[in-house]
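1. Could you look at this predicted model? Sequence included:
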Amino acid sequence: MFQKFQKNRKGFTLIELMIVVVIIGILAALAIPRFMKASAKSKTSEAQLVLKQIYTMERTYKQQFDTYSADLNAIGVEVPPNAKYTYSVLAADQTTFTAQADWAAPGIDDDATPDTWTIDQDGTILHTSNDLTG
């Protein structure tokens, strides 16, 4: 009678279920950090795009007024309504300007490390403080 009960048994053993849970845990441990890093990198693309827009608008302003402007509104930059960065022109005169993008929240990956980008009159974009590498 005991052997007949064993043959008709359907389903998985506890060991089999535990092995599946361990495998899923290992896969998640490998995938989640990669996903988080890819997600954080995608967030930085906003800064680069808006800084390129600032550069273009500053060049246009310079052609019209023979100087760069420290006022984003004066050059006509439109920051996205849900911008993840705050934008400013740090310095502007007749020959140079430097604009900056600062992560508006504590950090891209929710730590205290800031994420900061700059662009200058030559169009050089620098990642001056990188939250992704600490």
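-> Sure, I can see it. Residues are numbered from 1 along each chain as shown.

2. Tyr85 contacts Val50, correct?
-> Yes. With contact defined as Cβ atoms under 8 Å, Tyr85 reaches Val50; the gap is 7.0 Å. Every C-beta, even on glycine, is put in place using the N, C-alpha and C of the backbone.

3. any common contacting residues for those two?
-> Jointly contacting Tyr85 and Val50 under the rule Cβ atoms under 8 Å, 6 or more residues apart in numbering are Ala101.

4. Counting residues, what is the longest helix that this protein contains?
-> Using DSSP state H to define each element, the chain has its longest helix at helix 14-65.

5. for the helix or strand following that helix, packing partners?
-> Downstream of helix 14-65, the first helix or strand assigned by DSSP states H and E is helix 72-75. Contact partners of helix 72-75 among helices and strands, from 3 or more Cβ pairs under 8 Å, 6 or more residues apart in numbering; DSSP states H and E: helix 14-65, strand 85-92.

6. Recalculate using a threshold of 10 Å.
-> Secondary structure elements in contact with helix 72-75, counted by 3 or more Cβ pairs under 10 Å, 6 or more residues apart in numbering; DSSP states H and E, are helix 14-65, strand 85-92, strand 97-103.

7. Mean neighbour count, these: which tops it?
-> strand 97-103 (a mean of 22; mean count of other Cβ atoms under 10 Å).

8. ok and it relative to strand 85-92, angle-wise?
-> For strand 97-103 against strand 85-92, the angle by axes from the mean of the first three to the mean of the last three Cα atoms, to 10 degrees is 160 degrees.

9. If I take strand 97-103 and helix 14-65, what angle do their directions form?
-> Using the same axes, to 10 degrees: strand 97-103 against helix 14-65 is 160 degrees.

10. Give me the below-cutoff pLDDT ranges for the chain.
-> Of all residues in the chain, those with pLDDT under 70 make up the ranges 1-9, 105-112, 131-134.
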